[in-house]
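S.K.: structural data only, the sequence is not supplied:
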């Protein structure tokens, strides 16, 4: 796998991690997205899927 592909995977994992953190903060404090539990749950699930898929792809490439 090329360096550019690895950077893109790491970037998508980092972006998904940021989405997951903001969703958790929203669940706890209700600040970024006004505390909508449905959206927070969907954000957490999709961020987890993207993180998992990115991690597995990185693991397979090495």
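M.R.: Received, thanks. Just so it is clear, the structure is predicted and the values come from calculations on it, not from any experiment.
S.K.: all helices for the chain, in order.
M.R.: Taking DSSP state H to define them, one finds helices in the chain at 3-29, 37-61.
S.K.: okay if I get these as TSV plus mean neighbour count and mean pLDDT?
M.R.: Quick note: C-beta positions are derived from backbone N, CA and C, even for glycine. Conversion of those to TSV gives the following (neighbours: other C-beta atoms under 10 Å; pLDDT from 0 to 100):
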stretch	mean neighbour count	mean pLDDT
helix 3-29	14	95
helix 37-61	14	95
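S.K.: from residue 43, how far out is the spatially most central residue of the chain?
M.R.: Taking C-alpha atoms, centre = their mean as the criterion, residue 16 is the residue nearest the geometric centre of the chain, at 1.9 Å. Shown here: residue 16 relative to residue 43, a distance of 9 Å by C-beta to C-beta, to the nearest Å.
S.K.: which residues are in contact with the residue nearest to residue 23 when sequence neighbours are not counted?
M.R.: Closest residue to residue 23 apart from its sequence neighbours, by C-beta to C-beta, 6 or more residues apart in numbering: residue 43 at 4.0 Å. Contact criterion C-beta atoms under 8 Å, 6 or more residues apart in numbering gives 19, 20, 22, 23 as the residues in contact with residue 43.
S.K.: same deal with residue 35?
M.R.: If a contact means C-beta under 8 Å, 6+ apart, then residue 35 has 26, 27 as its contacts.
S.K.: what does it show for phi and psi?
M.R.: When read as degrees, to the nearest 10, the backbone of residue 35 gives phi 70, psi 30.
S.K.: how near is it to residue 19?
M.R.: In this structure, residue 35 lies at 16 Å from residue 19, with C-beta to C-beta as the measure.
S.K.: equivalent analysis for residue 8, please.
M.R.: Computed as C-beta to C-beta, the residue 8 to residue 19 distance reads 17 Å.
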